[in-house]
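quick one, fold the following:
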Amino acid sequence: MTQEAPSRRLVVPGIVVTVAGGAAGYAVAHSSDAAKPDDTAAGSTAAGGGGGGAGGAAAPLAKVDDVPADGGVILAGAGVVLTRDATGTVQGFSTVCTHQGCKVSSVANGRISCPCHGSAFDTRTGEPVAGPAKTPLPPVPVTVRGGDVFPA
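Numbers count the residues shown, from 1 in each chain. Prediction:
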């Protein structure tokens, strides 16, 4: 038993619908906020602002005073969670949860929390303290100079 090839009447409309759908999807995705760079996040390397300093020197991620004591701040654009303990030591951790790669969303009560499956990490060590995550958040090296936090 042989099977006939599909007719042009079936194939051409299918191609037209596929191309039109792809173009519409591209237009919507390209103009969405998710496709735009996050220039408002601390640590943005967008051009502008001049300022002195050595050529190519990294911009500060945040001011130490912007990182709450015994808490932290999420810098989504830089992919860093900055935390500060009671003694003033600032540490950096990745914003990517080690369970399934979601982005952590909040820092409160000594915990960095992931909204996807309830994992939580200690703000001092990055070690998991709740949820399904078994691996600590990867450290992100940072250094403090003159009241500012810089990538190390």
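
please make it C-alpha for all contacts and neighbour counts, starting now.
Noted.

any low-confidence regions in this protein?
Within the chain, the segments meeting pLDDT under 70 span 1-56.

can you show me the helices along it?
Counting by DSSP state H, the chain has helices at residues 8-31.

just the strands in it please.
Applying DSSP state E to the chain gives strands spanning 62-63, 71-75, 80-84, 90-94, 106-108, 111-113, 120-122, 128-130, 142-145, 148-151.

which strands and helices sit next to the first one?
Other elements packing on strand 62-63 under the criterion 3 or more CA pairs under 8 Å, 6 or more residues apart in numbering; DSSP states H and E are strand 148-151.

would TSV of the strands of the chain with distance to Q100 be doable?
What follows is these, written out as TSV (distance: least, CA to CA, whole Å):
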stretch	distance to Q100
strand 62-63	27
strand 71-75	18
strand 80-84	17
strand 90-94	13
strand 106-108	17
strand 111-113	13
strand 120-122	13
strand 128-130	13
strand 142-145	25
strand 148-151	25
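
would TSV of those with distance to P136 and mean neighbour count be doable?
Formatted as TSV, the strands of the chain follow (distance: least, CA to CA, whole Å; neighbours: other CA atoms under 10 Å):
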stretch	distance to P136	mean neighbour count
strand 62-63	23	18
strand 71-75	16	22
strand 80-84	13	26
strand 90-94	9	24
strand 106-108	15	18
strand 111-113	11	26
strand 120-122	7	24
strand 128-130	6	19
strand 142-145	17	16
strand 148-151	20	19
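
S113 versus P141, what's the distance?
Separation of P141 from S113 (CA to CA, to the nearest Å): 20 Å.

do V73 as well
12 Å.

shared neighbours of the two, which are they?
Common contact partners of V73 and S113 (CA atoms under 8 Å, 6 or more residues apart in numbering): 106-107.

which residues sit against stretch 124-135?
Residues contacting stretch 124-135 (CA under 8 Å, 6+ apart): 83-85, 91, 93, 97-99, 110, 112, 117-122, 136-139.

repeat that with 7 Å
85, 93, 98-99, 117-122, 136-137 (CA atoms under 7 Å, 6 or more residues apart in numbering).

what does stretch 64-77 give?
Stretch 64-77 has contacts (CA under 7 Å, 6+ apart) with 38, 41-42, 44, 80-86, 88, 107-110, 123, 147-149.
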